[in-house]
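Enquirer: sequence-free structure coming up:
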């Protein structure tokens, strides 16, 4: 690692505490005009502990407006800055789960922990966190009124093309790259976790399943990522994996954007493996050394071995991507995680610079009624399946099954 | 973007990094506010008691017998008149440091022991907590287990609260542990990520091992003396022996200058002394790795370095303490040799690198000094004597009576959803609990008086067991002798 050249820095503590702007830019240390006295003078308000006063300072910055959505896990409100009524935010109030005896739930902890660290145009911004009465946790999130990618994919009235897909994928890839660069795995990338801002920017949301990269040889759970977007190594029960699990999910989103239906949509984990094998080829020790050693690996019937699909398969399946796009997709959907592209390599791919150029974000197709969708998306617990999605999906699958 | 840009967006930098002056000011403020509040609270309790005694028609309310504590109503009323002596910021810090050491011990007691990273995170939580809270307001023995449990959750070392509570010695219940969770999270300002120096150290050691194997990668601006893997390797093998007094046996032929002078540590010049063997170098790197890690697990946790330096600065400084020539050598491979040697800075790059190196050396030296200054409290009789005075005596008298009971009144169950009760309600709850326990307490007592009694009862009982007033402490000293 590089030697960090920074030496004693000015304390930026004060700047953050007293700042009234929403999220200060990354380098906010300059505007610390409030030196010392970070906290209210010691005798002004003796009724409250320092930490309570600090919390009140944050809480009073915002005004809660109408309710946008409610789930079992959270309620989402529209809100705005007290000082600036036009500056909207989404306030996600996490419900205290009385049945969970172990304190704040892991989803909430993960979400807060990682969003506090990530500040990037393609990741939903966490402006503030405060507690309201009765120990409710309130996350002040970026206001993203244009719904999510799932909504656009499903709406048959919306027409979009390769240039639009390139723009969306580019924004997704940058967000994922930033997570990985900060040693964070998202572990739940899917279209309805990709929210859209007023200016068309795609934002990665829902960090309820995120975690830091594990140190070498330490195990992680394989029960993550919504099934249709889950990579084969997790389906085979791998306990040690890397950022490329998210890249597989990205590849699935890419495919879905192109096809406008989920590409490999299994009904069960086993079915998911079967569908992946059918689509991309059967994993073997040849094309994926070590695969047979994975805990949940199931040997395939030798009569059903599908050869590994090459570039022409992807080009045939995804003609709108063009040859370069098909190549990128293939690199993201490589079965062997060691050979799959990393986020950095995805960003270096030639597809981004080939024609057509990505659509300017202000010209991207949009849906007018996205606010409700945001309220709905944000109330989900990390990894929680959206009922409506799956109902639709089940219908789709049955339908296709009936046809043959 | 470079690494520094990423670090500056971290909550550790944004909220938990200070200069020495701002850190000191922060602690002074916290201490001043807490002292005022403690004095006010104790005065309120005393007044309540006085009015209660006068209204109780002269009959002195029988004092609860704290298990042979010998406390009678006369002695307490005498104590009431004394001015309340509060902890100083330094005493608060010592108290917190002691409980940070306890986290290391408590983590060790689990089977298997809690990972180093979980313990380190918990310690930083506790240290951050006490930047805005005083031990006089919230006793660290109540906060410490909660900080550790929270760290198991935030650092992916998942265990149930029940499982965790089983590992906490004494009669601390799951409810006791989880009760202050929200308070702790709020004091952490809902930032849970702690950037540790451990991973950086692993990377540095891997690099040194690669250099030893002749597979090192020269830095882009490496001077001609070290711009091939082979030159790097040769320089490493020609290093003078470590000058620190390491415990393990080293090359016997090398008993050179003893003290910590940093003058002769410039390493790029290939010295005439016989180069080390591959096995010796391997051994040396392993030893430096181990000793640096030990420093990061102890001194780096209990001192202020996390508040004052970046993770990279911390592990580099620790390496400088563990094996100064090796540390300097590592910096040489990144930034070139310091300008004091033969190389004259004629081109701009090397000039910039030299300036950077000088600046970095200054920072690392300051950090290393702080790391060296740490001596474990628990193994030092003098420090323990001081601590016994602070925690056992002084803190006992200046504990805020309105904050003693953090958990929900007994029997309610469900600590997780436990709403933190305001001080007044807590007083009632505590009084109710005390009342049922003490039995004979008169009905005319005010809430405050009963609360004060409850506190005496609790603390008296704990005190009779151990002057430190903590079952954890007892347990720790018991398990300490292996």
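Expert: It's in. In this text the structure is predicted, and so the values were computed from the model without any measurement.
Enquirer: ranges for the helices of chain A?
Expert: Remark: helices assigned in chain A by DSSP state H are A:13-18, A:50-59, A:106-117, A:149-154, A:162-181, A:232-235, A:244-259, A:269-280, A:311-317, A:322-332, A:343-347, A:371-379, A:387-403.
Enquirer: can you list the residues of the stretch 251-400 of chain B near chain A?
Expert: B:308, B:310, B:312-313, B:316, B:331, B:334-335, B:356, B:359-360, B:362-363 (Cβ under 8 Å from any Cβ of the partner chain). (C-beta placed from N, C-alpha, C; glycine too.)
Enquirer: could the helices of chain A go into a markdown table alongside mean neighbour count and distance to residue A:223?
Expert: Output for the helices of chain A, formatted as a markdown table (neighbours: other Cβ atoms under 10 Å in any protein chain shown; distance: least, Cβ to Cβ, whole Å):
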| stretch | mean neighbour count | distance to residue A:223 |
| --- | --- | --- |
| helix A:13-18 | 19 | 36 |
| helix A:50-59 | 19 | 35 |
| helix A:106-117 | 23 | 12 |
| helix A:149-154 | 20 | 22 |
| helix A:162-181 | 22 | 20 |
| helix A:232-235 | 24 | 8 |
| helix A:244-259 | 24 | 12 |
| helix A:269-280 | 18 | 10 |
| helix A:311-317 | 15 | 29 |
| helix A:322-332 | 21 | 22 |
| helix A:343-347 | 18 | 23 |
| helix A:371-379 | 22 | 22 |
| helix A:387-403 | 12 | 17 |
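Enquirer: and of those helices, who's closest to residue A:288?
Expert: Residue A:288 lies closest to helix A:232-235 among the helices of chain A, at 8.2 Å (Cβ to Cβ).
Enquirer: contacts for that closest one, please.
Expert: Applying Cβ atoms under 8 Å, 6 or more residues apart in numbering or on different chains, the contact partners of helix A:232-235 are A:222, A:224-225, A:241, A:245, A:248, A:269, A:272-273, A:276, A:283, A:294, A:296, A:335, A:337.
Enquirer: residues near residue 127, how many?
Expert: If you meant another chain, say so; for now it's chain A. Using other Cβ atoms under 10 Å in any protein chain shown, residue A:127 has 21 other residues around it.
Enquirer: the intended chain is chain B.
Expert: Residue B:127, neighbours per other Cβ under 10 Å, totals 22.
Enquirer: show me what the residue of the stretch 151-300 of chain A found nearest chain B is bridged to.
Expert: The minimum distance from the stretch 151-300 of chain A to chain B, using Cβ to the nearest Cβ, falls at residue A:211 (5.6 Å). In this entry, residue A:211 is beta-bridged to residue A:185, by DSSP bridges.
Enquirer: quick check, it in contact with residue A:184.
Expert: Yes: contact criterion Cβ atoms under 8 Å: residue A:211 and residue A:184 qualify, at 7.3 Å.
Enquirer: neighbour-wise, which of the two wins?
Expert: residue A:184 (24 against 20).
Enquirer: gap between the more buried one and residue B:16?
Expert: 19 Å (Cβ to Cβ, to the nearest Å).
Enquirer: dump the helices of chain A to JSON lines, plus mean pLDDT and distance to residue B:286.
Expert: JSON lines is the format used below for the helices of chain A (pLDDT from 0 to 100; distance: least, Cβ to Cβ, whole Å):
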{"stretch": "helix A:13-18", "mean pLDDT": "36", "distance to residue B:286": "39"}
{"stretch": "helix A:50-59", "mean pLDDT": "87", "distance to residue B:286": "44"}
{"stretch": "helix A:106-117", "mean pLDDT": "93", "distance to residue B:286": "33"}
{"stretch": "helix A:149-154", "mean pLDDT": "93", "distance to residue B:286": "50"}
{"stretch": "helix A:162-181", "mean pLDDT": "96", "distance to residue B:286": "31"}
{"stretch": "helix A:232-235", "mean pLDDT": "96", "distance to residue B:286": "33"}
{"stretch": "helix A:244-259", "mean pLDDT": "97", "distance to residue B:286": "32"}
{"stretch": "helix A:269-280", "mean pLDDT": "93", "distance to residue B:286": "43"}
{"stretch": "helix A:311-317", "mean pLDDT": "90", "distance to residue B:286": "48"}
{"stretch": "helix A:322-332", "mean pLDDT": "95", "distance to residue B:286": "39"}
{"stretch": "helix A:343-347", "mean pLDDT": "97", "distance to residue B:286": "32"}
{"stretch": "helix A:371-379", "mean pLDDT": "79", "distance to residue B:286": "50"}
{"stretch": "helix A:387-403", "mean pLDDT": "35", "distance to residue B:286": "53"}
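Enquirer: and those helices as a markdown table, adding distance to residue B:182?
Expert: Formatted as a markdown table, these follow (distance: least, Cβ to Cβ, whole Å):
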| stretch | distance to residue B:182 |
| --- | --- |
| helix A:13-18 | 20 |
| helix A:50-59 | 11 |
| helix A:106-117 | 12 |
| helix A:149-154 | 34 |
| helix A:162-181 | 28 |
| helix A:232-235 | 34 |
| helix A:244-259 | 32 |
| helix A:269-280 | 37 |
| helix A:311-317 | 51 |
| helix A:322-332 | 42 |
| helix A:343-347 | 36 |
| helix A:371-379 | 22 |
| helix A:387-403 | 31 |
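Enquirer: for residue B:352, find the nearest of the ones you listed.
Expert: Closest to residue B:352 of the helices of chain A is helix A:162-181 (Cβ to Cβ; 25.6 Å).
Enquirer: and that closest one, does that touch chain B?
Expert: Yes: on the criterion Cβ under 8 Å from any Cβ, helix A:162-181 is in touch with chain B at residue A:181.
Enquirer: helix A:322-332 and that helix, what's the angle between them?
Expert: Orientation of helix A:162-181 against helix A:322-332 (axes from the mean of the first three to the mean of the last three Cα atoms, to 10 degrees) gives an angle of 30 degrees.
Enquirer: just checking, what packs against helix A:162-181?
Expert: When contacts are defined as 3 or more Cβ pairs under 8 Å, 6 or more residues apart in numbering or on different chains; DSSP states H and E, helix A:162-181 packs onto strand A:202-204, helix A:244-259, helix A:322-332, helix A:343-347.
Enquirer: export the ones you listed to CSV and tack on distance to residue B:119?
Expert: Output for the helices and strands packed on helix A:162-181, formatted as CSV (distance: least, Cβ to Cβ, whole Å):
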stretch, distance to residue B:119
strand A:202-204, 32
helix A:244-259, 29
helix A:322-332, 39
helix A:343-347, 32
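Enquirer: dump the ones you listed to JSON lines, plus distance to chain B.
Expert: As requested, the helices and strands packed on helix A:162-181 are arranged in JSON lines below (distance: least, Cβ to the nearest Cβ, whole Å):
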{"stretch": "strand A:202-204", "distance to chain B": "16"}
{"stretch": "helix A:244-259", "distance to chain B": "16"}
{"stretch": "helix A:322-332", "distance to chain B": "23"}
{"stretch": "helix A:343-347", "distance to chain B": "12"}
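Enquirer: of all the ones you listed, which one is nearest residue B:349?
Expert: Comparison of these against residue B:349 by Cβ to Cβ identifies helix A:343-347 as nearest, at 26.6 Å.
Enquirer: which element is encountered next along the chain beyond the helix or strand harbouring residue B:287?
Expert: Taking DSSP states H and E as the definition, residue B:287 sits inside helix B:278-297. Downstream of helix B:278-297, the first helix or strand assigned by DSSP H and E is helix B:299-302.
Enquirer: got the domain ranges for chain B?
Expert: B:19-49+B:85-193+B:382-408, B:197-242+B:276-338+B:353-374 (the TED database).
Enquirer: reformat those domains as TSV; add distance to residue A:71.
Expert: Formatted as TSV, the domains of chain B follow (distance: least, Cβ to Cβ, whole Å):
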stretch	distance to residue A:71
domain B:19-49+B:85-193+B:382-408	21
domain B:197-242+B:276-338+B:353-374	36
